[in-house]
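> Pasting a predicted model and its sequence here:
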Amino acid sequence: MTESVDNDITHDDHSDIHRLKVGDKELVLIGTAHISKESAQLVHRVIEEEQPDCVCIELDDKRYESLAQRKSWVNLNLKEIIYRKQLSTLLASLILASYQKKLGAQLGIQPGAELLEAARTAAALNVPVALCDRDVRITMRRAWKSTSLWKKGYLLASLIASLFDKTEISEEKLRDLRKSDVISELMDELGAALPELKMVLIDERDTFLSEKIKETAGNRIVAVVGAGHVAGIKRALAEDRSARLAEINSIPPVSRIWKFLAWAIPTVIVASIVAIGFRKGGNVAGDNIIYWILANGIPSSIGAMLALAAPFTIVGAFIAAPITSLTPVIGAGYVTAFLQVVFRPPMVGEFESALEDMATVTGWWRNKLLRVFLAFVLPGFGSMIGTYIGGYKIISTLF
């Protein structure tokens, strides 16, 4: 059943406040910037003035706990993250958090302060709080799975480059950015450059947030969301998208094509070595096996050396790369990251300083937590190069 949305209940002087009628609910939607003192002050004032039945916040349990307790990095279980193959998404999350923290430092405010302020103000008024966002782990994994390998690299490179961006920002600039026309333009640009990413990070969450707002108990609701979600939420509130919730709140399985390709490449290489043994003799096949080991092991171990990894990690890279390149179950980078955690575990202080250390080149090698990521990325990249070199040599020998 389609919901009616009336944008003209009252007129408010503040462009970040949007008053809507959704069914029998009166909704005050506040568009914020996550690093703005002005947004935090606005949220506090509106909640106090409106005295709503409930306050909806653009947070899930994990992000709220991270903001409220400010010790999530210290509690990271790196071995479990490596086991679940979530290092890539964690790295992207940390880089984004570091960039937001750097911008927040310029303005003297903690990133996400306006969301915390919404929760604190509601608690002070004994108003219930609803955490209306999708689980951040599902969002990150859906985003990672929806993005091609090339665009993953492009995205990570862009995020890393943003860490060293010296652009100054001010409350005035944030105020301009929150204007609907500028935000819409930025969303259009993101959609043109990375449509799959925009769909997961923005469009799906617009749907999720809007449906959770509709489910919230009470007739008078204040919802606090990032300004980039306001236009999409207003559109979604006018429709019934409840049937989509189950689909967008799950992690899609790997496609059969990718599963086939993941096993096809190592199968071709192994079959080629066997064929070489039958056609050209065991000595030639043995030489190709040795070439495969060296072609994979040397670049991967060099990657571990460049990461200043522990000696056992470097040896592990040489041993693991030739084997992991023949199976899609695990990559060399996950093996070397695990070894690095075992032999050079990060200290508590390095978890706490990771976001600051990310903003300097030397910090990546000085901080043991960040060195785990280097021990993941660089040996993995070396193994990928070795797979192409070794595979080309073996197939060329066969034909």
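Thanks, I have it.

> What about I251, how many residues nearby?
Here the number of neighbours of I251 (other CB atoms under 10 Å) works out to 12. To be clear about C-beta, it is placed using only N, CA and C from the backbone, and glycine gets the same treatment.

> Sorry, wrong one. I was asking about I202.
So I202, with other CB under 10 Å, has 17 neighbours.

> Quick check: it is in a helix.
Yes - according to DSSP: H, G, I helix; E, B strand; the rest coil, I202 belongs to a helix.

> Okay, it and A227: tell me how far apart.
12 Å (CB to CB, to the nearest Å).

> S93 too?
Separation of S93 from A227 (CB to CB): 21 Å.

> Could you check which of these two is surrounded by more residues?
Each of S93 and A227 has its neighbours counted (other CB under 10 Å); A227 has more, 23 against 18.

> where does the more buried one land on pLDDT?
On pLDDT, A227 comes in at 85.

> Where does the residue nearest to it when sequence neighbours are not counted sit: helix, strand or coil?
Nearest in space to A227, with sequence neighbours left out and distances taken as CB to CB, 6 or more residues apart in numbering, is G31 at 3.7 Å. With three-state DSSP as the basis, G31 sits in strand.

> Let me know whether G31 touches V230 as I believe.
Yes - with contact defined as CB atoms under 8 Å, G31 and V230 form a contacting pair (4.1 Å).

> which one of the two has more residues nearby?
A direct count of neighbours by other CB under 10 Å for G31 and V230 places G31 higher, at 25 against 22.

> what's the helix or strand for A130?
For A130, the host element (DSSP states H and E) is strand 129-131.

> and that strand, which strands flank it?
Strand 129-131 pairs in its sheet with strand 54-57 (parallel), by DSSP bridges.

> just checking, next helix/strand downstream of the strand it pairs with?
For strand 54-57, the following helix or strand on the C-terminal side (DSSP H and E) is helix 61-69.

> can you give me how far the helix or strand harbouring R235 is from the chain middle?
Using DSSP H and E, the element containing R235 is helix 227-237. Here the centre of mass of C-alpha atoms in helix 227-237, compared against the chain's by CA atoms, centre = their mean, to the nearest Å, lies 21 Å away.

> Put the alpha carbons of it into PDB.
The C-alpha coordinates for helix 227-237 follow below in PDB (Å, rounded to 0.1, in the frame of the first residue of the first chain):
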ATOM      1  CA  ALA A 227      22.000  14.800   4.200                       C
ATOM      2  CA  GLY A 228      22.900  12.500   1.300                       C
ATOM      3  CA  HIS A 229      20.000  10.200   2.300                       C
ATOM      4  CA  VAL A 230      17.300  12.800   2.600                       C
ATOM      5  CA  ALA A 231      16.100  13.000  -1.000                       C
ATOM      6  CA  GLY A 232      16.100   9.200  -1.400                       C
ATOM      7  CA  ILE A 233      14.300   8.600   1.900                       C
ATOM      8  CA  LYS A 234      11.600  11.100   0.900                       C
ATOM      9  CA  ARG A 235      11.000   9.200  -2.300                       C
ATOM     10  CA  ALA A 236      11.000   5.800  -0.500                       C
ATOM     11  CA  LEU A 237       8.600   7.000   2.100                       C
END
